[in-house]
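A.B. asks: Pasting the sequence and the predicted coordinates here, then a few questions.
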Amino acid sequence: MAAPTSTAGTITATALHHYQGLNLMNIRKIASIAGAAGLALMASPAAFASPADGPTAKIPDKARVTEVVSGRTPAVRISKATYLAGAKKAGAVVTATQQRSITASTSCWRWDAWRSGQNVFGATMWKSHHRVNWCGDWSWIRVHAYTERWGETFFPGWKDKGLVQSGGRYGVNWNQYQSWTQRKFCYVEYFSCIQESNPYTNTTVFPNGAGRYN
């Protein structure tokens, strides 16, 4: 695999170090060979830094996320009034025809699939919520389904930076509704985050109240 170059004919030692995992001795050998071949080799202090000297080394263990855990609450039935009130609050458009379709034979559910970042001690640093609301008649999704998305932080220095991406597909008159969420959480932001997490959740729910996530 060709080594990365910064300009034509110039190989950066930093790029070699991070790209191929070269140590200082190997970089010096390459510098010697490159010099003999008339090829410029540009070094920078970062090329010789130990990974332990990087930004994440500055995070105390109690603040550093070492594991991302995922889970879900049980799907619970909600009243038609609760569903419609939530849809209005979320800005979801529920037509008059769809409102009429919420009959006694139609059930509505709410289900929260979440991801959380935990430190080495098992304490939660942040949590991303992805709560789906939908109604079905056990065969088809009958009303506009909507997803509520929000984030929480639990340790000083961690901030919820909002959505990276979100979306949904299928829904009304389909046998499923899919939606996805990706958020950004940042620990102590200067020019960039000392540690950054971008948890992603994808769910599929069905007109009988069942669902799955990943």
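C.D. replies: That came through, no problem. All values derive from a computational prediction rather than experimental measurement.
A.B. asks: Surely residue 76 touches residue 110?
C.D. replies: Yes: A contact is recorded between residue 76 and residue 110 when judged using CB atoms under 8 Å, the distance being 5.7 Å. Every C-beta, even on glycine, is put in place using the N, C-alpha and C of the backbone.
A.B. asks: Those two: which has the busier surroundings?
C.D. replies: For residue 76 versus residue 110, neighbours defined as other CB atoms under 10 Å are more numerous around residue 110 (18 against 11).
A.B. asks: centre of the chain versus the host helix or strand of that one, how much separation?
C.D. replies: When elements are assigned from DSSP states H and E, residue 110 belongs to strand 107-118. On the basis of CA atoms, centre = their mean, to the nearest Å, strand 107-118 is displaced by 14 Å from the centre of the chain it belongs to.
A.B. asks: where along the protein do the helices fall?
C.D. replies: Secondary structure of the chain (DSSP state H): helices located at 13-20, 24-36, 80-90, 96-101.
A.B. asks: hey, C-alpha coordinates of the shortest one in PDB?
C.D. replies: What follows is the C-alpha trace of helix 96-101 in PDB, where atoms were taken according to Å, rounded to 0.1, in the frame of the first residue of the first chain:
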ATOM      1  CA  ALA A  96     -58.200  13.900   9.700                       C
ATOM      2  CA  THR A  97     -58.400  10.600   7.800                       C
ATOM      3  CA  GLN A  98     -55.700   9.100   9.900                       C
ATOM      4  CA  GLN A  99     -57.300  10.400  13.100                       C
ATOM      5  CA  ARG A 100     -60.600   8.700  12.100                       C
ATOM      6  CA  SER A 101     -58.600   5.500  11.500                       C
END
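A.B. asks: any idea of the mean pLDDT for it?
C.D. replies: When pLDDT is averaged along helix 96-101, the result is 80.
A.B. asks: re the thing from before, go through the helices of the chain and find the least confident stretch.
C.D. replies: Going by mean pLDDT, the lowest-scoring of the helices of the chain is helix 13-20, which has a mean of 35.
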